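Asker: Can you look at this prediction? I've put the sequence above it.
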Amino acid sequence: MFFHVFLADPLHTSFPLPPFDRRRVRYVYRIELDAPTDATDTALLEEVFRILNIDHPRDYTERSLSVGDVVTIAESRSYVCDFTGWIRLTSPVKRGDLIARLRPTEATADAIRE
């Protein structure tokens, strides 16, 4: 099973988590796991979280997974990492959706203006 990882840009540090905005994430990684067919989404997400925070693959050069980051499961459902658990998005985030993405400095400036 494939998972796509999108990092929040900039990293979210405020509580509560701001509303999800596709313009504020960037695609960084695709990971494949041998997952049991009866595994719950929560179990799958927790395994991806564990791998990207504890057992970084050699080719993964980004920061650890954190609040506001998105994991898409099998290109059919996406979840945002929350302060405690995961929040399912109403539609999946796909790589092709992120054509016009803000650069980090623009995203930070945008957040300050709001």
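Answerer: Done, it's in. Numbers count the residues shown, from 1 in each chain.

Asker: hey, let's count contacts and neighbours off CA atoms from now on
Answerer: Will do.

Asker: Give the closest residue to the most centrally placed residue in the chain in space, chain neighbours not counted.
Answerer: Centroid-nearest residue in the chain: residue 70, 1.8 Å away (criterion: Cα atoms, centre = their mean). Take residue 70 and drop its neighbours on the chain: the residue closest to it by Cα to Cα, 6 or more residues apart in numbering is residue 80, 4.5 Å away.

Asker: continuing past the longest helix along the chain, what's the next helix or strand?
Answerer: The longest helix of the chain (DSSP state H) is helix 41-53. Remark: after helix 41-53, the chain's next helix or strand is strand 70-73, criterion DSSP states H and E.

Asker: Now do that next one: distance to the chain's middle.
Answerer: The chain centroid and the centroid of strand 70-73 are separated by 6 Å under Cα atoms, centre = their mean, to the nearest Å.

Asker: strands paired with it, and their directions?
Answerer: With DSSP bridges as the test, strand 70-73 is paired with strand 2-8 (antiparallel), strand 77-81 (antiparallel).

Asker: Out of those strands, flag the one nearest residue 56.
Answerer: Nearest to residue 56, of all the strands paired with strand 70-73, is strand 2-8, at 13.1 Å by Cα to Cα.

Asker: Check which element follows the closest one along the chain.
Answerer: With DSSP H and E, the next secondary element past strand 2-8 is strand 25-32.

Asker: In this structure, where is pLDDT below threshold?
Answerer: Within the chain, the segments meeting pLDDT under 70 span 12-15, 97-114.

Asker: send the alpha carbons of stretch 43-51 over as CSV?
Answerer: Extracted in CSV, the C-alpha atoms of stretch 43-51 (Å, rounded to 0.1, in the frame of the first residue of the first chain):
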residue,chain,number,x,y,z
ALA,A,43,-3.1,2.0,12.6
LEU,A,44,-1.7,2.7,9.2
LEU,A,45,-1.2,6.4,10.0
GLU,A,46,0.5,5.7,13.3
GLU,A,47,2.9,3.4,11.5
VAL,A,48,3.8,6.1,8.9
PHE,A,49,4.2,8.6,11.8
ARG,A,50,6.5,6.1,13.6
ILE,A,51,8.6,5.5,10.5
